[in-house]
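*Asks:* okay, predicted coordinates and the sequence, questions at the end:
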Amino acid sequence: MARGDAQDGDARGGAAGFAPALPGALEEQWKAISGHVGGLPDEAFAAPSALPGWTTAELVLHTARSALTLSAALRGDPAPGLARGSTPSLAGGSAGGSGGGPAGGSGAESSLARTGGAPLVTAADYLAGTGARAGAIAATVRDLAAGQAPEAVRVAFRDAAAGAAADLARLPPDEIADRLVITPGGRMRLGEFLLTRAVEAVVHGLDLGVPPARPALKTVVRLFTSMLAQRAPGHAVELRVPPFSAVQIVEGPRHTRGTPPNVVEADPAAFVLIATGRLAWEAALADGRIRASGERADLRFLLPLLA
């Protein structure tokens, strides 16, 4: 494991926590998706995507909504919308914030006041709850995609991503991690919510055939290895996803020196695909994207993390 990747950006919340570079990593990933989407031929948008049951247009608009949801959270509107038949925008205002004011104004304050002292939702909590919202999410996006011209879909993603990046850029960097926002999953620290936006951008980027930008991929890998360590705490298996993360998981004897008896090593993108149910463990073993040794190195009982 490269020492720099193992240690940089861990000042807050451990390896899976908020890193100051996260907003920039997210913007870089959005730009990669935007470039890919901008180059797709018109006929590709109506074609099935790699995500079963979704067309490419639906998947692009869903990923755009992920960015819009961030802009909405910054100004206290938990229900972003895309305008049908035109360049999608946030309900009640532009992506830059209602009335041209700064993100996170009085709307955010009143929304937080309404939630009172509700427990804060973590990134892991939010992601675990996406399954319960999947049906409603799919129905909304299919309705939005119906009749949308390919160019409108391209512009939708470009504007949503650029607007969210601009909204983040307006915030003082030292306020981003702990700022409280209202999200579709509940009240969260902005740093935690940004982790979920990185997951959406990396995972759906892969669905669209976009190689992940390295900083965003690092963020998602570290979050997922941390979630696995929480799901199966212990020291019997060493999980390595070089060059980004290495954790010990699964109950059993602690290994202290020499070669661990149970080791799983995965390529970063393959690890993300397996963790989200897009790649079968057996297939990844067969083609070498995962390498497992030791009698306890079969992690299928823990996967997928997100379904």
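*Replies:* Nice, thanks for sending it over. The model shown is predicted, which means the values in this text are computed figures rather than measured ones.
*Asks:* measure stretch 221-241 end to end?
*Replies:* Its start and end residues considered, stretch 221-241 measures 7 Å (CA to CA, to the nearest Å).
*Asks:* contact partners of that stretch?
*Replies:* 1, 14-16, 123-124, 127, 195, 198-199, 244-255, 260, 262-268, 271-272, 275, 294, 296-297, 299, 302, 305 (CB atoms under 8 Å, 6 or more residues apart in numbering). Where you see a C-beta, it was placed from the backbone N, CA and C, and this is true even at glycine.
*Asks:* mark which of those residues are buried, thanks.
*Replies:* Neighbour-count burial (16 or more other CB atoms under 10 Å) applied to the contacts of stretch 221-241 gives 15-16, 123-124, 127, 195, 198-199, 244-250, 255, 260, 262-268, 271-272, 275, 296-297, 299, 302, 305.
*Asks:* from the contacts of stretch 221-241, which ones fall inside helices?
*Replies:* Mapping the contacts of stretch 221-241 onto helices (DSSP state H) picks out Ala123, Ala124, Leu127, Leu195, Ala198, Val199, Pro268, Phe271, Val272, Ala275.
*Asks:* which pair in these spans the largest distance?
*Replies:* Spanning the widest gap among these are Ala124 and Pro268, at 19.0 Å by CB to CB.
*Asks:* need the longest strand for this protein.
*Replies:* strand 233-241 (DSSP state E).
*Asks:* partners of that one, with directions?
*Replies:* Note on strand 233-241: by DSSP bridges, its sheet partners are strand 245-249 (antiparallel), strand 263-266 (parallel).
*Asks:* what are the buried residues along that strand?
*Replies:* His235, Ala236, Val237, Glu238, Leu239, Arg240, Val241.
*Asks:* and the residue lying closest to Tyr126 once chain neighbours are set aside, how far is that from Ala64?
*Replies:* Spatial nearest neighbour of Tyr126, excluding adjacent residues (CB to CB, 6 or more residues apart in numbering): Gly185 at 4.0 Å. Separation of Gly185 from Ala64 (CB to CB, to the nearest Å) stands at 18 Å.
*Asks:* those two: which has the busier surroundings?
*Replies:* Taking neighbours as other CB atoms under 10 Å, Gly185 and Ala64 compare with Ala64 leading, 30 against 22.
*Asks:* run through the neighbouring helices and strands of the host helix or strand of that one.
*Replies:* Counting by DSSP states H and E, the element that carries Ala64 is helix 56-74. Under the contact criterion of 3 or more CB pairs under 8 Å, 6 or more residues apart in numbering; DSSP states H and E, helix 56-74 touches helix 22-38, helix 130-145, helix 150-169, strand 180-183, helix 190-207.
*Asks:* export those as CSV, with columns for mean pLDDT and distance to Arg214.
*Replies:* Converted to CSV, the helices and strands packed on helix 56-74 look like this (pLDDT from 0 to 100; distance: least, CB to CB, whole Å):
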stretch, mean pLDDT, distance to Arg214
helix 22-38, 98, 8
helix 130-145, 87, 25
helix 150-169, 98, 18
strand 180-183, 95, 26
helix 190-207, 98, 11
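*Asks:* hey, which of the ones you listed is tucked in deepest?
*Replies:* helix 190-207 (a mean of 24; mean count of other CB atoms under 10 Å).
*Asks:* the inter-axis angle of the next helix or strand after that one versus helix 22-38?
*Replies:* For helix 190-207, the following helix or strand on the C-terminal side (DSSP H and E) is helix 214-231. If you take axes from the mean of the first three to the mean of the last three CA atoms, to 10 degrees, helix 214-231 sits at 120 degrees to helix 22-38.
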